[in-house]
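A.B. asks: Kindly return the folded structure for what I paste below:
(chains A and B)
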Amino acid sequence: MQEGSFLPSFPLAGAPLVLFGFAVLCALAVGHAVVRYVRLPRITGFVLAGLLLGPSALNVLDAGLLENLRIFVDVSLGLILFELGRRLDIAWFKRDRWLAASSVAESLLAFLLVLAVLRSLGIPAVYAATAAAIAMVTSPAVIMMVVSDERAQGPFTERLLTLTAANNVFAFLFVTVLIGFIHAEQARGWVNAVAHPPYLLFGSLALGYAAFRALHMLARWLPRQESVQFALVVGLAVVTVGAANGLKLSVLIALLALGVFVRNLDRERDILAVEFGPGAQIFFIVLFVLSGAGIEVKELAAGGLLGLAVLAARFAGKLVGIAAFGPLSGVGWRNSALLALAMSPISAVALVMMHGAADFYPEFGAALRSIVAAMVITLEIVGPLATQFALKRAGETLSLPG
Amino acid sequence: MSLAFSRSEQFTLGVELELQILSTHDYNLMRGSRELLALLDKAGHPGDVKPEITESMIEISTSVHRRYGTLAAELAAIRDAVVRQARRLNLALAGGGAHPFQRWSEQRIFPRERFFQLHELYGYLAKQFTVFGQHIHIGVDGGDEAVLLTHLMARYIPHFIALSASSPFFQGVDTSFDSSRLNSISAFPLSGTMPFVRTWDEFNAYFDEMHDLGVVESMKDFYWDIRPKPEYGTIEIRVCDTPLTVERAAALAAYAQTLAAHLMTVRPQLPSQDIYRVYSFNRFSACRFGLEGGLIDAYARGRCSLKQDIAATLVEISPRAEELGTVRALNQIQAVLDSDANDATWLRDMFKATGSLMNTVRHAADLWAGTGALQRK
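C.D. replies: Numbering: from 1, shown residues only, chains lettered A, B, ... in the order given. Below is the predicted model:
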């Protein structure tokens, strides 16, 4: 043993962990400051903290570190999508066809309008369609965090969660199919083009189903306490995330499918609805900090106005889609507009999806990146505020005015 | 200021039920009365539907009935209409005197002036008042009769408590009470019983005094177990938990109607202040032990089991049941005694079977909607 080898050597071995923990603490502080001094939602603070610490500003969380932390994003997003999937009650769509109609309409119109804008800018069809599919999505993380922070509850909130779950499902289907077209576009052989989408989709669904069966069996056997079931859900979600990564399947589709299976196939509700309590907040914080750190300010500048045009098209699609059928489904004009507004947060899922596409074909990413990034960045900052505003106006938050 | 008593036809019947509005995601209480009321207004419905103090409650009420049969039919029709609209919002409804695991602090006051005032006055009691009762109205043909019937009914109040009890769980725990709901009501300063006045004039004198002292503004401010309701020309029995089914609610109303008819026509007893000496104890015993409770009979000066007392009363009033057409309803009450199981027992059994309060509430919601796979035995 060498003299003095018990002393740490530089760079410190634990440094990434220290930095990561430090980022979470910073997020808490900025989140609190934002609520207290500017009266914005906490999430905006988390994202800003990430932005400040990220490569665009202080570079405390540098690109290498972010790559290492990708697993945290996967697990956090996976859990959040699982929870979102549990809000998709297919029986409700069957009972209220107009709800189903407005769900399809808002997703499809947002897709078509964004596609039209991107095409008019001369973006090639396949790339434009992929970006448009990404624009269908409402951020599950933002919606669920704002709902929980504002302690929102009621029919408006239920509808918001259900429509969000549905547009995530639609977007995943679209993007998966489009992956085949991207393969074809890039001339990477017909096997990739034809076989990759079904492998991703059905593989991920099968994994989600297998996880559901395992969860169901364990939930029936273990004691029915919320704390036990919470640990069970987290443990199983982590296994599923790992399996999806290993099998090169979609983490997001598998976990969303797991949630949807739980809601619709577990008839006797052996799997309890576990409230994501204080313990689960860490997943949200991690997700928002890291997605904030992923923001590249120079892209905001590059994509700026075009991003705003896409954003406007997306909002118009959602607004018209919901308002067209809302009144038939018992939601008045005012609440339809508020729903569209509440659904504006775009997702870190969008970035992950884009990462997914960019992993295959870097040139694809570059073509669209700045436009999508500009839209995502804007909505990451403004979106939570829109959701918070809409929930308050709908009268579903705990601190009612008056 | 004198309260005029509007007379109504003797022994006519009406029922109000406060219902739980539930999320189908986790079967916790959820706000939704405003949206539900809006849909009901649009679609139309029999009976009347009103908001209650917190937004996760809704109250349905029947019109005035002479016969049990039509009352039961109307209750079922209102239930169907309300359940249909609730399903459009993906909400569930359920009976039960209290929600087993809601947190009172999460409840929201329905935006209406009177409810905000109550919240202002009573503080957290107002939110804790998120409990669900059945109110039974019995028509009387004058104020003096209302005062008399209120006193005569007082002895039988434990019957109604034990037969309707359906709030064994509260804030996530088994309270060991069959009806925990009445404990929430006892916290209010104007709960309890009507003072021992003998005529409507004496009642008015008391009311005027309370009014002039600023204790109350209207009859609504008295949260008594039974009270005269001068606007309707009725007495109102307010101790029942909302049962788990409308059928049970209708049967309880029929029991009250038949008993009232018996007490007023046969007059087996006179009003007695002695009743009120043992009243609280009897009330407690019925809440705590349900049908297994004991009853101290102030008239007979003895102690008996509540179950025996109900059984004996059913026999005693059976001649009136023939006249009023309530035989079928009283048979239902007898069946509750025979099975030794009120709704509190049903809920406890369900909790034992499913191991979770969430699933207990889910089954109660199915039972309420009339679609339960696990119907009553």
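A.B. asks: Apart from its chain neighbours, what residue comes closest to B:Gln85?
C.D. replies: Of all residues beyond its chain neighbours, the one nearest B:Gln85 is B:Leu39 (4.3 Å), with distances taken as CB to CB, 6 or more residues apart in numbering or on different chains. No exception for glycine: its C-beta is placed from N, CA and C like everyone else's.
A.B. asks: Now do the one you found, the pLDDT please.
C.D. replies: According to the prediction, B:Leu39 has pLDDT 93.
A.B. asks: So which bits of the strand or helix carrying it are buried?
C.D. replies: Using DSSP states H and E, B:Leu39 maps to helix B:33-43. The neighbour-count check on helix B:33-43 (16 or more other CB atoms under 10 Å in any protein chain shown) flags B:33-37, B:39-40 as buried.
A.B. asks: residue with max distance from the center of chain A?
C.D. replies: Computed with CA atoms, centre = their mean, the maximum C-alpha offset from the centroid of chain A is found at A:Glu3, amounting to 51.3 Å.
A.B. asks: The helix holding B:Leu39: how far from the chain's middle?
C.D. replies: Here helix B:33-43 is found 24 Å from its chain centre; the criterion is CA atoms, centre = their mean, to the nearest Å.
A.B. asks: Could I get the phi/psi values of the closest residue to B:Cys304 other than its chain neighbours?
C.D. replies: Counting by CB to CB, 6+ apart, B:Leu295 is the residue found nearest to B:Cys304 once chain neighbours are left out, at 5.7 Å. Reported as degrees, to the nearest 10, the phi and psi values for B:Leu295 are phi -130, psi 130.
A.B. asks: If I look at B:Leu295, what pLDDT would I see?
C.D. replies: Per-residue pLDDT puts B:Leu295 at 95.
A.B. asks: can you check A:Asn68 too?
C.D. replies: The predicted local confidence for A:Asn68 is 77.
A.B. asks: I'd like to know how many residues surround it.
C.D. replies: As a burial measure, A:Asn68 scores 13 neighbours (other CB atoms under 10 Å in any protein chain shown).
A.B. asks: Using neighbour counts, pick out the buried residues of stretch B:169-183.
C.D. replies: Across stretch B:169-183, burial judged by 16+ other CB under 10 Å covers B:169-170, B:175, B:177-183.
A.B. asks: which ones are touching the closest residue to B:Arg108 other than its chain neighbours?
C.D. replies: Spatially, and ignoring its direct neighbours in sequence, B:Arg108 is nearest to B:Glu55 (4.7 Å; CB to CB, 6+ apart). With contacts defined as CB atoms under 8 Å, 6 or more residues apart in numbering or on different chains, the neighbours of B:Glu55 are A:154, B:21, B:31-34, B:107-110.
A.B. asks: what does A:Val104 give?
C.D. replies: A:170, A:321.
A.B. asks: The most centrally placed residue in chain B: what secondary structure?
C.D. replies: Among the residues of chain B, the smallest C-alpha distance to the mean C-alpha position (CA atoms, centre = their mean) belongs to B:Gln134, namely 2.4 Å. Reducing the assignment at B:Gln134 to three states with DSSP: H, G, I helix; E, B strand; the rest coil gives strand.
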